[in-house]
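A.B. asks: Would you be able to build a 3D model of this:
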Amino acid sequence: MTGLYIHIPFCESRCIYCGFYSSLTQNVNKIEHGKTIRQRYINAVCKEMSKHKAILNTIYLGGGTPSQLSPEELNQIFNQINKTFLQQPEVRPSLPKEITIECNPEDVTPNFVQTLSTLPVNRISMGVQTFNDERLKFIHRRHSSNKILEAVRLLRNIGINNISIDLMFGFPKQTQEEWIDDIKKAISLNVEHISAYSLMYEEGTPLYAMLKHHKITQIGEEQYRNMYEELIDRLEIAGYEQYEISNFAKHGFRSLHNSSYWHNVPYIGVGAAAHSYNLRCRRWNYADINKYVNAIEHDYHAYEEEIIDDNTHYNDSIVTALRTKEGLNIDGFDEKYKTYFLTNAAPYIENGNMGKHDNNYFITRKGLYISDAIMTDLIMI
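C.D. replies: Below you'll find the predicted structure:
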């Protein structure tokens, strides 16, 4: 079984922290060769999709902002999915278990949910980030806290019973009390899944420039740790299982698609900047809409790739599986890698930063705060 990821790199405006590849809507609406760049891009995505053949377990439309797509564009994409992956008489595939689309709260309108109700989408991932209106303005989000509540209500009304929201913490000058208020409001939504990340200062973003020019100050390590502890404790009490470093789910609502990335399951990536993995090699499409579209239109390769050797496969397993609650099972490794892993993991097991269950090794709650350092020590250079 395979996961399908479709990248929709259109945004009405750019958030100041975002390092993902996307282009402003006003730019992709320009006409070139008789069509808008946007329409050429959707056509290219569908054409690239048609080159693949697989039985899908999950589908994920991410971005960018997939909720910026028109009903016609969404229907074009799903018609192509149906034609390419779901109408294979020799295998008679069933509908994927999980079909997710990322949404921004301001895009979840009555017209948008009406379109969703005609599609096989059964999971929504919504970028909430914070319930503080001033902070939303600071990071250049277009929605208000009230719109978050309205969006959830509209999605529930069309029968969406699997909603995930993204939260951020560690904003400049954010207090512990303000973060607790965000957690409480997230819990009150009664959504099935919550992903929570500390604010990242990625080079090349406006947020990074503000930090570099001393216009803002990053929170301290102790405050970050206190916020993360608060998150874990309160979500656990509310019935959310922490099944990955940044992801929490009610029983039965883990993200199947994202879990494929962490558990060595093949996936297909379609669209500019999308990645694919088939256990033997990894591909990444050009992170440039025009370059990607031109390549697809002319039947050229729109990607670069690398063959995955044994060392890379081992290292990939370290930095993905160890993010999860279950951790890494080393049974499938050659003795060379088992020995290397056990030798380097031993000090962390001894001091309680890692644990073991059968042949599964995992990072404990104590070790979560140094997880990057642990993984760095375990990879093979």
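A.B. asks: how about the helix or strand containing residue 361: buried residues?
C.D. replies: Secondary structure from DSSP states H and E places residue 361 in strand 360-363. Across strand 360-363, burial judged by 16 or more other Cβ atoms under 10 Å covers 360-363. Placement of C-beta: from N, CA and C, glycine included.
A.B. asks: who touches it?
C.D. replies: For strand 360-363, the surrounding residues in contact (Cβ atoms under 8 Å, 6 or more residues apart in numbering) are 322, 324-330, 341, 345, 349, 353-356, 371, 374.
A.B. asks: Buried ones only from those, please, as a PyMOL command.
C.D. replies: Here is the PyMOL command that selects only those of these that count as buried (16+ other Cβ under 10 Å):
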select buried, resi 322+324+326+327+328+330+341+345+353+354+355+371+374
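A.B. asks: Could you pick out which of the contacts of strand 360-363 are located in helices?
C.D. replies: 341, 345, 349, 371, 374 (DSSP state H).
A.B. asks: Surely the second one touches residue 378?
C.D. replies: Meaning residue 345. Yes. Assessed by Cβ atoms under 8 Å, residue 345 is found in contact with residue 378 at 6.2 Å.
A.B. asks: In contact with the residue positioned nearest the centre of the chain, which residues are there?
C.D. replies: The chain has residue 258 as the residue nearest its centroid, 6.7 Å off, counting by Cα atoms, centre = their mean. Shown in contact with residue 258 (Cβ under 8 Å, 6+ apart): 60, 244, 247.
A.B. asks: hang on, the last one packs against residue 255?
C.D. replies: Same thing as residue 247. Yes. Residue 247 is within contact range of residue 255, at 6.6 Å (criterion: Cβ under 8 Å).
A.B. asks: if we can go back for a sec, any idea which helix or strand carries the residue nearest to the centre of the chain?
C.D. replies: helix 256-262.
A.B. asks: And for residue 210?
C.D. replies: helix 206-212.
A.B. asks: and the strand holding residue 361, how far from the chain's centre?
C.D. replies: 23 Å (Cα atoms, centre = their mean, to the nearest Å).
A.B. asks: quick revisit: quickly list what's touching both of residue 247 and residue 255.
C.D. replies: residue 193.
A.B. asks: returning to that earlier point: now tabulate the buried residues of strand 360-363 in CSV and tack on pLDDT.
C.D. replies: Formatted as CSV, the buried residues of strand 360-363 follow (pLDDT from 0 to 100):
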residue, pLDDT
360, 92
361, 97
362, 97
363, 97
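A.B. asks: Redo the residues you listed as TSV? Include distance to residue 6.
C.D. replies: TSV is the format used below for the buried residues of strand 360-363 (distance: Cβ to Cβ, whole Å):
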residue	distance to residue 6
360	32
361	34
362	32
363	31
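A.B. asks: Out of the residues you listed, which comes closest to residue 296?
C.D. replies: Taking Cβ to Cβ as the measure, residue 296 sits nearest to residue 363 out of the buried residues of strand 360-363, at 40.3 Å.
A.B. asks: Tell me how far that closest one lies from residue 347.
C.D. replies: 13 Å (Cβ to Cβ, to the nearest Å).
A.B. asks: And residue 164, by the same measure?
C.D. replies: 36 Å.
A.B. asks: Those two: which has the busier surroundings?
C.D. replies: Higher neighbour count among residue 164 and residue 347: residue 164, with 22 against 12, using other Cβ atoms under 10 Å.
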